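Student: this is the structure alone, sequence omitted:
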Ligand code: A2R
């Protein structure tokens, strides 16, 4: 299949490109000109990378014309909850208007329409009471961040582009995912970076962390991109699927596992400035509908994922 990935230079895009190549697909991708394309150059095999911006309709039309995709995975987004609080308008422009601009370019193109996977977020459910977890797709949408609200809006718009224009869009709501290549601003890379610096002697032997009580549903990014590829092959257009492990892991376990892998003794200190107020105490999704449809199941144990995140930071520091 000819697959086009938007936001290909990002954390997930790089893994998805490698995975789709390994499955024998022809991979095309685009990102905006100022994105960091360095990690993509490490991939073996032929990748066709184009430069385009979600706010430049002409560039989107050119990408679609040149790549003539049979399938599209839409990853390009402002993906940080923290940045969405600092830049709400830019976040909504990218995540909502950017997605609409992309769908408009697809709509103007020649038929048949390519199949599209819209990557949303399980954050759209917000703070769900424990008796309604693991969270199912029928749960009400009640975001608690500007990021999640923007993903909820784009998710709804994606459904309308399927209903009204017949673009075969499958919506996914992935839970947390981490792995090598993830930038700072997320718990595993933040802790792994501090450990790598302490091991090098370029940082304190004290790890600063935020609130470690919340339980989250963590998957390895490499399992997640396999889910996205399966969604392309087997997802039903118009449907929405949660994707996640179905297991809650306290952030404390993530931190303790990483610290146990350190080559120097470390202490862990709570840093109030790293606390994210309003985080749900528990956030675990029910991905059984997706599993039934595609046969997907996560394969990589969390300990392996965290080991790989730490190794990644050891080479980066
Ligand atoms: O912000 P940059 O320069 O790093 O570029 C990001 C790109 N992007 C855009 N591409 C084209 N036109 C735009 N206006 C535009 N704005 C942003 O999307 C980046 O290369 C990519 C997103 O990658 P990350 O920020 O690394 O996100 P990640 O973790 O790969 O997440 C992929 C998807 C997102 O939709 C998340 O919201 C979802 O998975 O969880």
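Tutor: Received the coordinates, thanks. All figures in this text were calculated on a predicted structure; none of them were measured in a lab.

Student: give the contact list for residue 127.
Tutor: 142, 144, 278, 280-281 (C-beta atoms under 8 Å, 6 or more residues apart in numbering). (Each C-beta comes from the backbone N, C-alpha and C, glycine too.)

Student: looking at this protein, which residue is nearest the ligand?
Tutor: residue 10 (2.0 Å; C-beta to the nearest ligand atom).

Student: excluding chain neighbours, what is closest to that residue?
Tutor: residue 75 (6.1 Å; C-beta to C-beta, 6 or more residues apart in numbering).

Student: quick one: the one you found and residue 250, what's the gap?
Tutor: Distance, residue 75 to residue 250, by C-beta to C-beta, to the nearest Å: 28 Å.

Student: compare the two (neighbour count), which wins?
Tutor: When residue 75 and residue 250 are compared for neighbours, residue 75 comes out ahead with 23 against 15, by other C-beta atoms under 10 Å.

Student: thought the more buried one was touching residue 16?
Tutor: Yes - with contact defined as C-beta atoms under 8 Å, residue 75 reaches residue 16; the gap is 7.1 Å.

Student: just the buried residues of the helix or strand containing residue 15, please?
Tutor: Assigned by DSSP states H and E, residue 15 belongs to helix 11-22. Across helix 11-22, burial judged by 16 or more other C-beta atoms under 10 Å covers 11-21.

Student: which neighbours do residue 75 and residue 16 have in common?
Tutor: With contacts defined as C-beta under 8 Å, 6+ apart, the residues shared by residue 75 and residue 16 are 5, 8.

Student: which helix in the chain has the most residues?
Tutor: Longest helix in the chain, counting residues (DSSP state H): helix 146-165.

Student: pull the residues that contact that helix.
Tutor: 77-81, 83-85, 88, 91-92, 95-96, 99-100, 103, 107, 116, 118, 120-121, 123-124, 126, 141, 143, 167-169, 171, 173, 237-238, 240.

Student: for it, what is the average pLDDT?
Tutor: Average pLDDT, helix 146-165: 98.

Student: cool, and stretch 94-114?
Tutor: Averaged across stretch 94-114, the pLDDT comes to 96.

Student: and for stretch 37-45?
Tutor: On average, stretch 37-45 scores 86.

Student: how long is it end to end?
Tutor: 15 Å (C-alpha to C-alpha, to the nearest Å).

Student: can you list contacts of that stretch?
Tutor: Contacts for stretch 37-45 (C-beta under 8 Å, 6+ apart): 8-9, 14, 17-18, 21, 29, 31, 47, 49, 181.

Student: same question for stretch 48-60.
Tutor: So stretch 48-60 is in contact with 6, 8-9, 26-33, 37, 40, 62-63, 66-67, 76, 93-94, 97-99, 101-102, 104-105, going by C-beta under 8 Å, 6+ apart.

Student: what subset of these is buried?
Tutor: 6, 8-9, 26-32, 40, 62-63, 67, 76, 93-94, 97-99, 101-102, 105.

Student: so what's the residue count around residue 234?
Tutor: 13.

Student: and the least confident of the contacts of stretch 37-45?
Tutor: residue 47 (93).

Student: report the contact partners of it.
Tutor: Contacts of residue 47 by C-beta under 8 Å, 6+ apart are 8, 17, 21, 27-29, 40.

Student: dihedrals phi and psi, it?
Tutor: phi -120, psi 140 (degrees, to the nearest 10).
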